[in-house]
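>>> Structure for this input, please:
(chains A, B, C and D)
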2 protein chains.
Amino acid sequence: MSKANPKSTISDVAKEAGVSTMTVSRVINQKGPISPETAQKVQEAIKKLNYRPSKIARSLITNKSFSIGMVLPDIGNPFFPEIVAGVQEAAWEAGYSLMLYNSNESPEREQEAIRLLEDIRVDGLIISSSRLLDDELLKLLQPHVAVVLINRLITAPNVATVRVDDAYGMMLAVSHLLKQGHRQIGFIGGPSRSYSHKARERGFIAAFEIQGLEVNPAYLVNVQPQEIDGQRAAYELLTRYPAISALVCYNDLVAIGALEAARKLNKAVPKDVAVMGCDDIRMASLAHPSLSTLAIDKRELGKKAFEQLLALMGGEGLERHLDLKPKLVIRESAP
Amino acid sequence: MSKANPKSTISDVAKEAGVSTMTVSRVINQKGPISPETAQKVQEAIKKLNYRPSKIARSLITNKSFSIGMVLPDIGNPFFPEIVAGVQEAAWEAGYSLMLYNSNESPEREQEAIRLLEDIRVDGLIISSSRLLDDELLKLLQPHVAVVLINRLITAPNVATVRVDDAYGMMLAVSHLLKQGHRQIGFIGGPSRSYSHKARERGFIAAFEIQGLEVNPAYLVNVQPQEIDGQRAAYELLTRYPAISALVCYNDLVAIGALEAARKLNKAVPKDVAVMGCDDIRMASLAHPSLSTLAIDKRELGKKAFEQLLALMGGEGLERHLDLKPKLVIRESAP
DNA sequence: AAAGCTTTTGTTATCGATAACAACATAACT
DNA sequence: AGTTATGTTGTTATCGATAACAAAAGCTTT
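Numbering: from 1, shown residues only, chains lettered A, B, ... in the order given. Below you'll find the predicted structure:
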């Protein structure tokens, strides 16, 4: 019933071409000298039998799988697909396959994914925004030869990192607003324990300090990083402190919420209140008014992550910790 | 220098526990009877050596890799990440790993990806919206045991499909508008050769015919499925035919463009012109006014695709071609 | 023509697991 | 007691490739 598809093996090819399997192997891998005639014979046999070498068998003996694993918390989050695309692109070009695991924000799943990737003997691992604690993570990564962490700093011989310099970006954004004359600036931050929130808050405060200005602590709030939470927080801030002339948001979704809040309060953006987002997701340019925000090239980030991994796998010396600087994107909401 | 991490093998465990490798294998796979004492000895040895069986070696002999491949044209497109998440989720639960290939809309890459996945000996393959021609695709799929196509119909013994019933969805949307009294309805369609465009147009026309009404061919246009193209097309349609009271769009991005066009023309949505999108991407609910649109649960689609694949891999009989019916989501832009 | 290179090809062992079969001990049945 | 099950463990071959070494064939060289 089932069309069992008998894959041909290297022995089949060898028999067909009248040579040994090693000779076939040599032709395939272009290793060692082979005479043009045998090479041709082998090539013909390969074509005739539609032979494709098994990477599995090859991996077993070479101890290289030419595949890497990637673990991320939520591929539905618009921040990640582009990163994945970048990693995949770079991996492809280097001849590597990508195994993807979506942990659904669950640390247990993340842990299991890292273990499974160990079983598969991936050559390297890219982990984005891990939910695991430092020591748990470190223990899990131990058996892996090469690991790149995205937006997370851990120092270990087999680990490199790529991070977005959130503090720097936020400083850029706030400095811009200060330069435009804003002084009463609200900050709708993310979850207080999140790494990136902390960095962004640091940048926010630093921008004030550089100018010798003071931050009003009442203007700083924390929310979940969703539109609805941003909307509520902005509504409350703007109602309670009508003096606020600009809002800096943890991310673009929150900022879009803030736009909505302004609309409800009949405050014009940016005339009555300027709004600044962060991340430059696709929606940012389509919002009304379009969002000023901080952008990093996420595809580039993915590529960089893979490059780090490749260097680590190759044992090359490298700058272990890479920081990417966000760019300020000026649009309508905060000119 | 490099901390060569000597992975322990099944022989190490066997030696440590003082038994044969087969016994260890039996304990791991819970196959064949083993005495509680040896089982425990083996478990201890496994823990002590931190042993994890190599899936690669296992694959070689069992001829099962417990991994599947997924090929899609552009993971940056908001339509796909959720599908990937659904596939990954279902695969995870069934004990399968996912290899992801992003073809970047290039047929050549797609072709190479399918070939590479053959080398890796994946147990099955999910291909989304292939850019390849039917016969090319069929030839490439030949060596694969099990394949599920998303939004593409091909009949072959090793192929199953999952599709969104675009025609049905569009009929739903247009019927709704007709019921609301709209008669002059414009259709901003997608690329004329695209499968889904054709289906959606078919549904559009069918909705009219059911009511015994006639479609005005001048109201039908084709655009690239991006916001800017939608905006231009809507602007032109609404300017040239002021009688148009509703626009049905190929997808949400195009619809968002249409909203922008209406704004420029000082037409209120939905009072002066209603706008209907399609796909229900995240942006749809955040637009102003929020978009009425057609939704399918993309995560569910991904899950269904994997279920089909699993059935196919297991050789079970199954309904080969699955159609998912979109739901009409009524929001502000077309109440 | 024998020795010494190169070039080309073949042999055998191996990677880390499981399949298939064999073997032994113990318990159960006649 | 002898035969047959049943439970438990071990042996050997195998999956499909490459590593490492061995050997033959074709050239030079003296």
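>>> Would you mind measuring from the residue nearest to A:Ser11 when sequence neighbours are not counted to B:Arg121?
Residue nearest to A:Ser11 in three dimensions, not counting chain neighbours: A:Thr21, with 5.8 Å by C-beta to C-beta, 6 or more residues apart in numbering or on different chains. Heads up, the C-betas are built off the backbone N, CA and C, glycines and all. A:Thr21 is 19 Å from B:Arg121, where distance means C-beta to C-beta, to the nearest Å.
>>> got it, and A:Ala85?
In terms of C-beta to C-beta, A:Ala85 sits 25 Å off from B:Arg121.
>>> For the helix or strand containing A:Val148, name the packing helices and strands.
In this assignment (DSSP states H and E), A:Val148 forms part of strand A:147-150. On a contact count with 3 or more C-beta pairs under 8 Å, 6 or more residues apart in numbering or on different chains; DSSP states H and E, strand A:147-150 meets strand A:124-128, strand A:159-164, helix A:298-313.
>>> picking that back up, what about A:Thr21 and B:Arg121, which has more around it?
Neighbours per residue (other C-beta atoms under 10 Å in any protein chain shown) separate A:Thr21 from B:Arg121, with B:Arg121 holding more: 20 against 14.
>>> Now for that one: which residues touch it?
A:Ser54, A:Lys55, A:Ile56, B:Ser59, B:Asn63, B:Ser65 (C-beta atoms under 8 Å, 6 or more residues apart in numbering or on different chains).
>>> Please apply the same query to A:Pro326.
Residues near A:Pro326 by C-beta under 8 Å, 6+ apart: A:Val164, A:Asp165, A:Asp166, A:Tyr168, A:Gly169, A:Leu172, A:Cys278, A:Leu294, A:Ala295, A:Ile296.
>>> Nearest residue to it in space, please, no chain neighbours.
The spatial neighbour of A:Pro326 that comes closest, neighbours along the chain excluded (C-beta to C-beta, 6+ apart), is A:Gly169 at 3.3 Å.
>>> Tell me the buried residues in the host helix or strand of that neighbour?
Using DSSP H and E, A:Gly169 sits in helix A:166-179. Buried residues in helix A:166-179, defined by neighbour count with 16 or more other C-beta atoms under 10 Å in any protein chain shown: A:166-178.
>>> At the contact with DNA strand C, which residues of chain A appear?
Within chain A, the residues that sit near DNA strand C (C-beta under 7 Å from any atom of the strand) are A:18-23, A:26, A:32-35, A:37-38, A:57, A:60-61, A:63.
>>> ChimeraX command to pick out the buried ones of those?
Selecting only the buried entries of these in ChimeraX, with 16+ other C-beta under 10 Å as the criterion:
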select /A:19,23,26,34,38,57,60
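>>> and DNA strand D, which of the residues of chain A next to DNA strand C contact it?
Here is what survives when the residues of chain A next to DNA strand C are matched to DNA strand D using C-beta under 7 Å from any atom of the strand: A:Thr21, A:Met22, A:Ala57, A:Leu60, A:Ile61.
>>> among those, which two are most distant?
Distance extremes for these: the farthest pair is A:Met22 and A:Leu60 at 16.7 Å, using C-beta to C-beta.
>>> Which single residue of the stretch 151-300 of chain A ends up nearest DNA strand C?
In the stretch 151-300 of chain A, the residue that lies nearest DNA strand C is A:Asn158 (18.7 Å; C-beta to the nearest atom of the strand).
>>> Per-residue pLDDT of that residue, please?
Predicted confidence (pLDDT) at A:Asn158: the value is 92.
>>> shouldn't it be in contact with A:Pro143?
No. At 9.4 Å, A:Asn158 does not count as touching A:Pro143 under the criterion of C-beta atoms under 8 Å.
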